[in-house]
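Enquirer: Got a predicted model here, sequence first, then my questions.
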Amino acid sequence: MTAEQRRQAADVLDDLTAVLALGGVMLPSVEVDWEHGRLTGCYLVNLGSASPSALLRVVDLLRKGLRYERLTRDG
């Protein structure tokens with residue numbers, strides 16, 4: 001199971017950074033906490049430090065995504 005968990009953590013990190021890049025956002029220190037996973041079997045993604053302007057952009061993207069989801073759900 002550990003290999004699958006490592007692969008899932010790496011894949012979700014790749015997906016996150018790709019989606020954020022499409023939105024014009026780069027989180028400079030986002031990473032998988034491999035050490036925590038090695039010790040516990042639970043791999044976590046550290047979002048790390050980001051500038052307020054980058055986080056404002058992330059919040060804006062999330063709000064727009066939620067708004068779109070509400071508009072398209074159930075017609």
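Expert: Alright, I've got the coordinates. Numbers count the residues shown, from 1 in each chain.
Enquirer: Strands of this structure, residue ranges please.
Expert: If DSSP state E is used as the criterion, the strands of the chain fall at 31-33, 44-46.
Enquirer: so can I have JSON lines of the ones you listed showing mean neighbour count and distance to residue 68?
Expert: Yep, even glycine has a C-beta here, placed from its N, CA and C like the rest. Formatted as JSON lines, the strands of the chain follow (neighbours: other CB atoms under 10 Å; distance: least, CB to CB, whole Å):
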{"stretch": "strand 31-33", "mean neighbour count": "15", "distance to residue 68": "28"}
{"stretch": "strand 44-46", "mean neighbour count": "14", "distance to residue 68": "24"}
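Enquirer: Indicate which one of these is closest to residue 10.
Expert: Counting by CB to CB, residue 10 lies closest to strand 31-33 out of these; the figure is 6.3 Å.
Enquirer: Now tell me what touches the closest one from outside.
Expert: For strand 31-33, contacts defined as CB atoms under 8 Å, 6 or more residues apart in numbering pick out 9-10, 13, 43-46, 48.
Enquirer: Relative to residue 69, which of the strands of the chain is closest?
Expert: Judging the strands of the chain by CB to CB, what sits closest to residue 69 is strand 44-46, at 22.0 Å.
Enquirer: what sits against residue 49?
Expert: 28-29.
Enquirer: Show the pLDDT at it.
Expert: Residue 49 is assigned 94 on the pLDDT scale.
Enquirer: And it, its phi and psi?
Expert: phi -90, psi 150 (degrees, to the nearest 10).
Enquirer: I'd like the average pLDDT over stretch 63-75.
Expert: 90.
Enquirer: Residue 45 contacts residue 11, doesn't it?
Expert: No. Distance between residue 45 and residue 11: 10.8 Å, which falls outside the contact criterion (CB atoms under 8 Å).
Enquirer: picking that back up, could the strands of the chain go into TSV alongside distance to residue 22?
Expert: Output for these, formatted as TSV (distance: least, CB to CB, whole Å):
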stretch	distance to residue 22
strand 31-33	20
strand 44-46	18
